[in-house]
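Visitor: Got a predicted model here, sequence first, then my questions.
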Amino acid sequence: MRETDFIYILAMAGVTYLVRMLPLVLLKKEITNRFLRSFLYYVPYACLAAMTVPAVFFATTYVLGAAVGFFVALFLSYREKSLLVVALAACAAVFVTERIIEMVL
Amino acid sequence: MFRKGLRDGIPIGLGYLAVSFAFGMMAAEGGIPVLEATLISAMNVTSAGQFAGLEIILTGGTVLEMMLTQLVINLRYSLMSVSLSQKLDRSVKFGHRFLIACGVTDEIFGIASTQPGKIKASYVYGAMCVAIPGWVCGTALGAAAGSVLPGFLTSALSVAIYGMFLAIIIPPAKKDRAVLFVVLLAMGISCAFTFLPVLNRVSTGFVIIITAVLVSALAAILRPIPAEGEEAP
């Protein structure tokens, strides 16, 4: 390992830990403000939705493969299947779709 | 609670295995030793941040640049930690909070924050016990043997994490119109930041922060959740 790399890694890990730790440790009291409580209730959904679309479409070799995986996951989530089932089915859908694409091309 | 966390952590661990495998491969391609790549994953446990950090190490950026980039990309964790601080049972002690902080990732936060009612530290620990080893092992495997796994497998595995996200957000969106609104609007704004000129220059970390703040604030104004004491919707 290059010695300078370790300084980078330390700087990286330090900042990453602080942004996670400070709010958790400093905010022990219950927030009573209704707006803030509502805001925080919606944050996870907004975060996860923003991280999924459009990033999912660029995660695979073919956009079409990802699109099929996305819609399979959407359908199974709508049917309220478990996290593992949805995740694995999406992977399988991408795998099958991409094999078909490569056979056709 | 610990066992439920373990169980819910399994798909996360599997998804992590795939994503961190890709990270390990990239690090190895850039000439980073296996041990060092694994160390990065063990100390950070953050996908977007690590990919950006790797880029900085490989291109010889400054340490200040590294710190700023991590701050921007990972600032969303602060938002999540604030949210999680409200979700944790009041009895969760100070010391535990320092440890839980290590497990604030998009996915662990996702499952923890959408549990009904308050959660105990043990739930988060359960999820961390599966997810973090998945992340670290995946990196080691990817760095050591990246070329062994064919590309079509890594391509398929890379959607695991998104499938999981959808499984977390879609069922509540079905039941609560406000959540559906939040999900659709957030997806729309994040697309705008990806495809529109000028907007697409904003870094991914900022996009998520801006989107989450805008959309959640709007939803909180339009549809505040019932006041304290009443049941959450």
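Guide: Structure received.

Visitor: CA only for contacts and neighbour counts going forward, please
Guide: OK.

Visitor: Output the below-cut-off pLDDT ranges for chain B.
Guide: Within chain B, the stretches with pLDDT under 70 are B:146-149, B:204-205, B:227-233.

Visitor: Just want the most central residue of it.
Guide: Centroid-nearest residue in chain B, with C-alpha atoms, centre = their mean: B:Asp106, separated by 2.0 Å.

Visitor: Give me the next element, helix or strand, following the top helix by length along chain A.
Guide: Counting residues, the longest helix found in chain A (DSSP state H) is helix A:3-26. The element immediately downstream of helix A:3-26 (helix or strand, assigned by DSSP states H and E) is helix A:34-52.

Visitor: ok, whichever helix or strand comes after that following helix near chain B or not?
Guide: Sequence-wise, the next helix or strand beyond helix A:34-52 is helix A:63-78, with elements assigned using DSSP H and E. Yes: using C-alpha under 8 Å from any C-alpha of the partner chain, helix A:63-78 comes into contact with chain B via A:Ala66, A:Gly69, A:Phe70, A:Ala73, A:Leu74, A:Leu76, A:Ser77, A:Tyr78.

Visitor: Can you pull out the residues in contact with helix A:63-78?
Guide: Residues from elsewhere that reach helix A:63-78 (C-alpha atoms under 8 Å, 6 or more residues apart in numbering or on different chains): A:56-60, A:86-87, A:89-95, A:97-98, B:159, B:162-163, B:166-168, B:170-171, B:174.

Visitor: Quick check: buried residues in that helix?
Guide: Residues of helix A:63-78 classed as buried: A:64-70, A:72-78 (neighbour count, 16 or more other C-alpha atoms under 10 Å in any protein chain shown).

Visitor: Stretch B:32-46 now?
Guide: Result for stretch B:32-46 [16+ other C-alpha under 10 Å]: buried residues B:32-34, B:36-46.

Visitor: Tabulate the CA atom coordinates of that stretch in PDB.
Guide: C-alpha atoms of stretch B:32-46 as PDB (Å, rounded to 0.1, in the frame of the first residue of the first chain):
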ATOM      1  CA  ILE B  32      -5.000  -0.700  -5.600                       C
ATOM      2  CA  PRO B  33      -3.900  -3.800  -3.600                       C
ATOM      3  CA  VAL B  34      -6.700  -6.200  -2.500                       C
ATOM      4  CA  LEU B  35      -6.100  -5.400   1.200                       C
ATOM      5  CA  GLU B  36      -6.300  -1.700   0.600                       C
ATOM      6  CA  ALA B  37      -9.500  -2.000  -1.400                       C
ATOM      7  CA  THR B  38     -11.000  -4.100   1.400                       C
ATOM      8  CA  LEU B  39      -9.900  -1.600   4.000                       C
ATOM      9  CA  ILE B  40     -11.700   1.200   2.100                       C
ATOM     10  CA  SER B  41     -14.900  -0.800   2.100                       C
ATOM     11  CA  ALA B  42     -14.600  -1.800   5.800                       C
ATOM     12  CA  MET B  43     -14.000   1.800   6.900                       C
ATOM     13  CA  ASN B  44     -16.600   3.600   4.700                       C
ATOM     14  CA  VAL B  45     -19.500   1.300   3.700                       C
ATOM     15  CA  THR B  46     -20.800   3.700   1.200                       C
END
